[in-house]
Structures are given as structure tokens and as C-alpha cells.
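Student: fold the stuff below for me.
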Amino acid sequence: MHLRLAFPLLPLTAVAVLAGCASPGAGAAPTPPATTAAAAVAVDNCGTPVTFPAAPSRVLTIKSTSTEMLLALGLGDRIVGTAFQDGPLPENLAADGASLVSVADQVPTEEAVLGLEPDLVYAGWESNFSADGAGERDELQSLGIATYVSPAACKEPEYKPKKLTWDSIFGEIREVGDIFRVPEQAEKVVAAQQAELATVAPDAEGRTALWWSSGDDTPYVGAGTGAPQLILDTLGLTNIAGDVQDTWTPLGWESIVAADPDVIVLVDASWNTADSKIATLQTDPATKNLSAVKNSRYLLVPFPASEAGVRSADATVDLAAQLADLS
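Tutor: Numbering: from 1, shown residues only. The predicted model follows:
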């Protein structure tokens, strides 16, 4: 079994726009290097100060969340390579991302990063930046390569909020929009997602849910502070692991059986498919009599949509429709 665990943590840091600059808009040609210092955008990203004198024009994205963020903002032409993608792109972004080139199935080496000559490495997890990974952030910075981590994945206590909110999700969209000088496009994306979420009617039946991400012997499940909790709250479902103050947590089968959730959200990943999870639930003597299993009350979410990012709103709307079908 190929097991990968997701640990998205999260806060959104403030953007300090030191001076204005013209926005090229979605799909525009890459912004040329700034000729003056007047266009700098500075961010405090997971405790690492990063200054962008101009909009990045050569970006390596690591993890689906970063790739999809840039595509959603119309910035696919800035991506010179992708790595560690968690699954296929969603239908609405597939055409824009059809020409993207993958440089590594998982975290690229620093040598591979340098070979692309990027001016920015945009990663989904802080752990992507390490001596045996894409390189340490300070070292890349010394080589003229900016780094940025999805704020939802920050690990430092002062940058890790107690609980993920939609404002945090939208904050990253706006921050990336500022970095790339496309704030109007970022606002359009945020407004569209807010309108989508406004259509979600919370479940009125008081149902409980298990969010099963990965693992077999000991499942890793969505806990009480990350994207799964935010989505379940928006759906009106009570997370059986919601009292755990973390984004993800191991949860023994004994605890799951005792909670007997009404609904089970199954994360569908190529290395741990939803079908394999259903087969386990239906054949294991400890779980086959769960009410959700006996009544096939499953909700499915693709792994890339299970982590905090630009797909979180779409995932919530899709799960709401699946929940309505169960009813």
C-alpha cells in the first residue's frame, strides 16, 4: 500500500503592498522584471519574510493546491514545472493545465529545482522545503529564488490558527493575487466561491460524519481544525473527530465503531482509493455493521480537493449535492 498522509495546518499572513503596480489581468503575458523598486509586494509567509519586486514569471509548483491556485487565477503561463501532484486537475482547469510539465512525481530535488531556473517555488507543504527535498527556503532565497507555502500548511504555532475559516481560504487567494499583480482576478474567484457557498443548505437532520483520508490498520481522519472540519461545519455535519485540535489525526477503529457515524466521507486517492476503503468497511467484522456502511451512506471527495485551497468551495458544494442525494 502506498500511504501518504496530509497535514494541512493553517494561517494566513498579511500582505504589505509597498507600492502600487498595474495588474496584467488573468491570462496575461508574464510580467517583465521590475526596473524600479516601486512595485514590491512583501509577505510574511509562515514566518519567512518574502519580497516580490515584480510578479513572478517562472514558477515551480509543488502539490496540487499550488498548481490549481495559479490556474484558477489565470496564471498557467507562469508555471515552468509541476511536482508532487495529488491527482488529475478538475474539469474546469484541465484545459488550461493541459500543457503543464511534471518534473517529479513527489518532491523534486534541489538540483531539479535549480535546473528550471524559477523565480518562485510555490509549495503546498512546508516540508517540501528541506535539504533532501526542494532545498531550504533561506538557501533558495540566497540564490534569488523566492519561496511561498500555502498558508493553510504553516506549522509555526504563531502562524497556525486555532481553526480554518473561509476567510483564511479566501485570504490566500487574495494574497497570491497581490503577489502576481492580479487582484481583480483574485476578487472574481473569491466572489464566485462565496456565491457557490451561499447555495449550500446545512443538513438539518443532526447527522454525524467520519472523514477518512488514508490508512488502513489505523485510519487518518479529518480532525477539528483543518479543511475537513470547515467543510463538515458548512455541510451541517458533526465530525466524530472534531474535538481533536489538529488538522488530521489517527483514529482507531474501536473509536469509529463506538461513534457509529451516520455518514462517511471517503477521500479518493490513487494510492488509497474510495473503492478500496468501501471494500474494507464492508468486509471487516468490526465495521460492516456500521449504520453508514449498511446503508451505503458514503460521500466521495478527490484527494486534491480534500486539502485547503482553491478547490475547497467546489468540494463543499459537490459534497452538499451528494448529501442531498442520500436524503
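Student: ok, Pro302 - contacts?
Tutor: Gly87, Pro88, Pro90, Val267, Asp268, Ala269, Ala315 (C-beta atoms under 8 Å, 6 or more residues apart in numbering). For the C-beta atoms, the positions are set from N, CA and C on the backbone; glycine is no exception.
Student: quick check, nearest of the residues you listed to Asp167?
Tutor: Distances from Asp167 to these, taken as C-beta to C-beta, are shortest for Ala315 (17.4 Å).
Student: what's the helix or strand for the closest residue to the closest one other than its chain neighbours?
Tutor: Nearest residue to Ala315, sequence neighbours excluded (C-beta to C-beta, 6 or more residues apart in numbering): Ala305, at 3.9 Å. According to DSSP states H and E, Ala305 maps onto helix 303-306.
Student: give me the below-cutoff pLDDT ranges for the chain.
Tutor: The chain contains residues with pLDDT under 70 at 1-38.
Student: and the strands in it?
Tutor: 15-17, 41-45, 48-52, 59-62, 79-83, 102-104, 120-123, 146-149, 208-214, 220-222, 238-239, 248-250, 263-268, 298-302 (DSSP state E).
Student: distance to Glu196 for those strands - can I get that in TSV?
Tutor: As requested, the strands of the chain are exported to TSV (distance: least, C-beta to C-beta, whole Å):
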stretch	distance to Glu196
strand 15-17	24
strand 41-45	27
strand 48-52	29
strand 59-62	24
strand 79-83	25
strand 102-104	29
strand 120-123	24
strand 146-149	25
strand 208-214	20
strand 220-222	21
strand 238-239	22
strand 248-250	25
strand 263-268	19
strand 298-302	15
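Student: looking at those, which is closest to Glu139?
Tutor: strand 146-149 (9.8 Å).
Student: picking that back up, what helices and strands are in contact with the helix holding Ala305?
Tutor: Using 3 or more C-beta pairs under 8 Å, 6 or more residues apart in numbering; DSSP states H and E, the elements in contact with helix 303-306 are helix 64-72, strand 263-268, helix 312-326.
Student: please redo it, this time with the cut-off set to 10 Å
Tutor: Applying 3 or more C-beta pairs under 10 Å, 6 or more residues apart in numbering; DSSP states H and E, one finds that helix 303-306 makes contact with helix 64-72, strand 208-214, helix 227-235, strand 263-268, helix 312-326.
Student: show me which positions of the longest one end up buried.
Tutor: So the one you mean is helix 312-326. Buried residues in helix 312-326, counting neighbours by 16 or more other C-beta atoms under 10 Å, are found at Ser312, Ala313, Asp314, Ala315, Thr316, Val317, Asp318, Leu319, Ala320, Gln322, Leu323, Leu326.
Student: and of the residues you listed, the nearest to Asp119?
Tutor: Nearest member of the buried residues of helix 312-326 to Asp119, counting by C-beta to C-beta, is Ser312, at 27.4 Å.
Student: report the contact partners of the closest one.
Tutor: Counting by C-beta atoms under 10 Å, 6 or more residues apart in numbering, Ser312 makes contact with 65, 152, 164, 166, 168-170, 193, 197, 227, 230-231, 234, 305-306.
Student: and Leu116, by the same measure?
Tutor: Contacts of Leu116 (C-beta under 10 Å, 6+ apart): Arg58, Val59, Leu60, Val80, Gly81, Ala83, Val101, Val103, Pro108, Ile145.
Student: from those, pick the one nearest Leu71.
Tutor: Using C-beta to C-beta, Val59 is the member of these that sits closest to Leu71, with 11.3 Å.
Student: distance of the closest one from Ser213?
Tutor: 28 Å (C-beta to C-beta, to the nearest Å).
Student: picking up where we left off before, report the two of the contacts of Leu116 separated the most.
Tutor: Val101 and Ile145, at 18.2 Å, using C-beta to C-beta across the contacts of Leu116.
Student: what about the two, which has more around it?
Tutor: Neighbours per residue (other C-beta atoms under 10 Å) separate Val101 from Ile145, with Ile145 holding more: 22 against 10.
Student: my read: Leu60 touches Ala83, true?
Tutor: Yes: here Leu60 reaches Ala83: they are 6.8 Å apart, a contact under C-beta atoms under 10 Å.
Student: so what sits against both of those two?
Tutor: Ser66, Thr67, Val103, Ala104, Pro108, Ala112, Val113, Leu116, Val121, Ala123, Ala134.
Student: how far off centre is the helix holding Ala305?
Tutor: Here helix 303-306 is found 7 Å from its chain centre; the criterion is C-alpha atoms, centre = their mean, to the nearest Å.
Student: what's the answer for stretch 216-232, then?
Tutor: With C-alpha atoms, centre = their mean as the basis, stretch 216-232 stands 14 Å off its chain's centre.
Student: in it, what counts as buried?
Tutor: So stretch 216-232, judged by 16+ other C-beta under 10 Å, has buried residues 219-232.
Student: now for these: which two are most distant?
Tutor: Pro219 and Leu230 (19.8 Å).
Student: quick one: contacts for the closest residue to Ala204 other than its chain neighbours?
Tutor: With C-beta to C-beta, 6+ apart as the criterion, Ala204 has its nearest non-adjacent residue at 6.9 Å, and that residue is Gly236. Applying C-beta under 10 Å, 6+ apart to Gly236 gives the contacts Val200, Ala201, Pro202, Asp203, Ala204, Glu205, Gly206, Arg207, Ala209, Ala320, Leu323.
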